[in-house]
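Asks: Sequence first, predicted coordinates after that:
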Amino acid sequence: MSHRLLLWRRLKNQVFFTLLVFMSLIALFPLFNILWYVISRGLPELSIRFFTRLPGPVGMVGGMANAIVGTLIVVSLACLIAIPIGVGAGIYMAEYADDRFAAVCRFLADVLSGVPSIVAGLMVYATVVIWMHSYSAFAGALSLALLMLPTLMRTTEQMLLMVDTSLREGAFALGATRFQTTVQVVLPTAASGLITAVMLSIGRVMGETAPLLFTAFGNSFWQDGLNAPIAALPLQIFVYATSPYPQWQAQAWTGALTLLAIILVINIAARAFGRGKLR
Amino acid sequence: MGKTVVAEHLSAFFGEHQILHDVSLEMQANQVTAIIGPSGCGKSTFIRCMNRLHETVARATMTGRVLLDDENVYEANSVWVRRTIGMVFQKPNPFPAMSIFDNVAAGLRLNGIRKKSVLAEQVERSLHMSALWDEVKDRLSAPSASLSGGQQQRLCIARALAIEPAVLLMDEPASALDPISTLRIEELIEEIKCQYTIVIVTHNLQQAARVADTTAFFLSGEIIEYGRTTDMFTTPSDKRTEDYVTGRFG
């Protein structure tokens, strides 16, 4: 009796385990498919000139140098706007706000994170672009910053709440103010988690296309300052991929490969910092 | 030198829930006062009212007075209060992002002391006092997490002593430690009590009997009895104290 029961249990365990492995494989399939596809389609046009030249007319050799630089500029600018505000709000929610106000902030951040990216772009268009009478790197950065903000707020808050209360009390007991406790004890303890959160949010917005369509707009040449339209990799990929020219289409894949590589590097860096936290 | 701490008509609350009911107790300078009682009787809340840590918790309130040598703690600056009344917690809580040295120096730095020679001198002195110096002197820059539980607790004691408080509150400092580490901490209390007022919360009655000059027995947020430790354990005047110290409940 008990022996048969044991066999039955072991069988159930085995079936369940197999099922889970199978599900994981299905989940991973699209990822490897995308990776393989982008690499195989992107490699043929990969060359030094792709990274050094401006887009050329059809039939001429060109590259995406301006779009790569443009993406880095727009995303850096977005970080300059979003990181201080998002991390600051997260610190406030975790360390200062009372329960009720923190709950309101949390709810609003969640609502903001549900705003579709194209709506964020549209809003920046309706306010900043129309007001400045120009598409601009700044407007593009602002729309990306809007998308980064809610994630930064919530992940910062969560990272800080993971820091044990006993450490805060330990600092208080030494005569530290709440500010000193936050800056000298809580933030250093959560530092590697915070860096991971920030990097993941950067990787998340780097590939955004929709909010850039009518804010950064795109540019076939080097940008003319931050108040002028600027090229970005996702935009360039969009334009090239929907063009009728095979050469441009091939370059769109190379652009996609470049974008993927940048995001992969950021993610790996985030992982490395995250592992530092466990030590 | 230690300072006498006097609690007068102390009541403490978490929201609507009353933890302490009109508690008054005098903790003599340069003596060890033990606070004993079953779990949930308000011992920890009581000593957390001494250094105003109770009020840092959301929805926690209190009424009554705490005097530190005639100075009202609740009319003074809370930073000054916590500098003067140090605390050691139940669970060792060294700052994980800091080295051993930085942990002991943390309180000094928080209070604006930057001079390297002063820091080094004070850190060494404090580690000597907490009997940890010989074990860590060759690896002061190692992360604090590399120490054992007992060493971490002695590190926390050194951290609390480094800012030279007048009073040291200890909230079950040895409850998470093995017998040998416990013994070291008790020896430490014995050595430093001539300079400090020590208030120790403990579950361990033998520990109270070993280290304390005076003992107070708490039950359900009230003081049932307090007096000389020897009297408390041999001839308690209250039946409930007798039941507790003889192990009939708690």
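Replies: Alright, I've got the coordinates.

Asks: Give me every residue in chain B lying close to chain A.
Replies: Taking Cβ under 8 Å from any Cβ of the partner chain, the part of chain B that reaches chain A is made up of B:51, B:53, B:56, B:58, B:79-80, B:82-83, B:86-87, B:89, B:91, B:93-98, B:106-107, B:109-111, B:156, B:159-160, B:163. C-beta here means a position set from N, CA and C on the backbone, and glycine is covered the same way.

Asks: Give the PyMOL command for selecting the buried subset of the residues you listed.
Replies: Applying 16 or more other Cβ atoms under 10 Å in any protein chain shown to the residues of chain B next to chain A, the buried members can be selected in PyMOL as follows:
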select buried, chain B and resi 51+53+56+79+82+83+86+87+89+91+93+94+95+96+97+98+106+107+109+110+111+156+159+160+163
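
Asks: Which of the residues of chain B next to chain A fall in helices?
Replies: Judged by DSSP state H, the residues of chain B next to chain A include B:79, B:80, B:82, B:83, B:106, B:107, B:109, B:110, B:156, B:159, B:160 as members of helices.

Asks: Would you point out the most distant pair within those?
Replies: Within those, two members stand farthest from each other by Cβ to Cβ: B:80 and B:156, at 21.2 Å.

Asks: report the longest helix in chain A, please.
Replies: helix A:2-42.

Asks: any idea which residue sits dead centre in chain A?
Replies: In chain A, the C-alpha nearest the mean C-alpha coordinate belongs to residue A:204, at 1.9 Å (Cα atoms, centre = their mean).

Asks: list the contacts for the residue lying closest to that residue once chain neighbours are set aside?
Replies: Distances taken as Cβ to Cβ, 6 or more residues apart in numbering or on different chains put residue A:151 closest to residue A:204, at 6.8 Å, once the chain neighbours are dropped. Residues near residue A:151 by Cβ atoms under 8 Å, 6 or more residues apart in numbering or on different chains: A:86, A:113, A:197, A:200, A:201, A:204.

Asks: And the nearest residue to the first one once chain neighbours are set aside, how far from residue A:112?
Replies: Pointing back at residue A:86 there. Distance criterion Cβ to Cβ, 6+ apart; nearest residue to residue A:86, sequence neighbours excluded, is residue A:152 at 2.8 Å. For residue A:152, the distance to residue A:112 (Cβ to Cβ, to the nearest Å) stands at 11 Å.

Asks: Please identify which of those two sits among more neighbours.
Replies: The neighbour count for residue A:152 versus residue A:112, taken as other Cβ atoms under 10 Å in any protein chain shown, is higher for residue A:152 (28 against 16).

Asks: Following element in sequence after the strand or helix carrying the more buried one, please.
Replies: Assigned by DSSP states H and E, residue A:152 belongs to helix A:137-161. Scanning forward in sequence from helix A:137-161 by DSSP H and E, the next helix or strand is helix A:165-173.

Asks: got a list of what the closest residue to residue B:113 other than its chain neighbours touches?
Replies: Nearest residue to residue B:113, sequence neighbours excluded (Cβ to Cβ, 6+ apart): residue B:119, at 6.5 Å. If you count contacts by Cβ under 8 Å, 6+ apart, residue B:119 has them with B:105, B:108, B:109, B:113.

Asks: where in the chain is pLDDT low?
Replies: In the absence of a named chain, chain A is used. Residue ranges of chain A with pLDDT under 70: A:1, A:276-279.

Asks: my question was about chain B
Replies: B:250.

Asks: residue ranges for the helices of it, please.
Replies: All helices of chain B, identified by DSSP H, fall at B:43-50, B:78-84, B:100-110, B:116-129, B:133-136, B:149-162, B:179-192, B:205-211, B:229-234, B:239-245.

Asks: Which residues belonging to the shortest one are considered buried?
Replies: When burial is assessed from 16+ other Cβ under 10 Å, helix B:133-136 yields the following buried residues: B:133, B:135, B:136.

Asks: now do stretch B:140-155
Replies: Across stretch B:140-155, burial judged by 16+ other Cβ under 10 Å covers B:140, B:143, B:144, B:147, B:150, B:151, B:152, B:153, B:154, B:155.

Asks: Which residues does it contact?
Replies: Residues contacting stretch B:140-155 (Cβ under 8 Å, 6+ apart): B:88, B:92, B:94-96, B:98-101, B:103-104, B:123, B:130-132, B:135-136, B:139, B:173-174, B:176-178, B:180-181, B:184-185, B:188.
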